[in-house]
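Colleague: after the sequence you'll find the predicted model.
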Amino acid sequence: MTGIFYGVGVGPGDPELITLKAARLIGQSDVISYLCNNADSDKPKHSQSKAIAQSLIEERAKPAIEISIPMPYKHDRTAANRAYDQAAETIRSALSQGQAVVFLCEGDPLFFGSYAYLQERLCEDFTCIAIPGISSPNAASAVAGIPLVMQKENYAVLSGRLSDEKILTHLNDFDSLALMKVGQSRARLLSLLKASGRLQDAVYIEYATREQQKIVYDVSTLDDEAGPYFSLFIITRKQRGS
């Protein structure tokens, strides 16, 4: 019997938003795996997803085997793909021994989730199951108190790393948008919101549901400095049908 590989969404940051199913698997699985910052980084080794699930890990009746996966965050995907290759082989070994392996993933495992890269490397030989979690646009919508879509509105999720032309096209074509991966692109995205006439439709959220959460309803007050990785714009029509 081989083990099952679970991609477990731990949500946007608030540990109380972890689902009951995710909590059960974190408490019962033989192995817990997660991404952490690159071992070569100047920063101490840290995993965002593990930090969210830390209390559940500590409450386990029996300690889990842990597989930490150092991940270099660079635009060039060569090093990242090498890290996923190595991690998949380590996880493959555990699964071959019949161990159940949980991979902790911020938000939802199949929504910009790193789990997807491991699943594609393992799914031909092992059962892979994704456990959905609350994604950042849903969390941001909730903390800002703004419905993402209503009635016949259309909705798009965009990466802030897309070209100006593509972002402008979507801003013009869609009623509601979640503009992800703001970070270093914040100043550029603000200028595109202004150019499309959607500046007043936008709300900016950092670290939704976390202690350092920040919500800016008037995005014209934002400076041109880069934002953190965990930041996004929610854009909705100010005039909505009743």
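Modeller: Happy to help now that I have it. Residues are numbered from 1 along each chain as shown.
Colleague: C-alpha only now, for contacts and for neighbours.
Modeller: Noted.
Colleague: residue 181 touches residue 137, doesn't it?
Modeller: No - in this structure, residue 181 is not within contact of residue 137 by CA atoms under 8 Å, at 11.2 Å.
Colleague: overlap in contacts, the two.
Modeller: residue 232 (CA atoms under 8 Å, 6 or more residues apart in numbering).
Colleague: count the residues that sit near residue 91.
Modeller: Counted with other CA atoms under 10 Å, residues neighbouring residue 91 total 23.
Colleague: quick check: phi and psi on it?
Modeller: Main-chain dihedrals, residue 91, degrees, to the nearest 10: phi -70, psi -40.
Colleague: residue contacts, the residue nearest to it when sequence neighbours are not counted?
Modeller: Nearest residue to residue 91, sequence neighbours excluded (CA to CA, 6 or more residues apart in numbering): residue 101, at 7.3 Å. Applying CA under 8 Å, 6+ apart, we find residue 101 in contact with 3-6, 29-33, 91, 94-95.
Colleague: could you identify the most distant pair in those?
Modeller: The distance between the two most remote of those (CA to CA) is 14.0 Å, for 3 and 33.
Colleague: tell me which stretches of this structure form strands.
Modeller: 5-9, 31-37, 65-71, 101-105, 128-131, 155-159, 176-180, 202-206, 214-216, 231-235 (DSSP state E).
Colleague: residue 53 is nearest to which of the ones you listed?
Modeller: Here strand 101-105 is closest among these (CA to CA), at 8.1 Å.
Colleague: mind saving the C-alpha coords of the closest one as PDB?
Modeller: These are the backbone C-alpha positions of strand 101-105, laid out as PDB (Å, rounded to 0.1, in the frame of the first residue of the first chain):
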ATOM      1  CA  VAL A 101       2.000  13.100   3.500                       C
ATOM      2  CA  VAL A 102       0.400  16.500   4.000                       C
ATOM      3  CA  PHE A 103       1.800  19.500   2.100                       C
ATOM      4  CA  LEU A 104       0.800  22.800   3.800                       C
ATOM      5  CA  CYS A 105      -0.200  25.500   1.300                       C
END
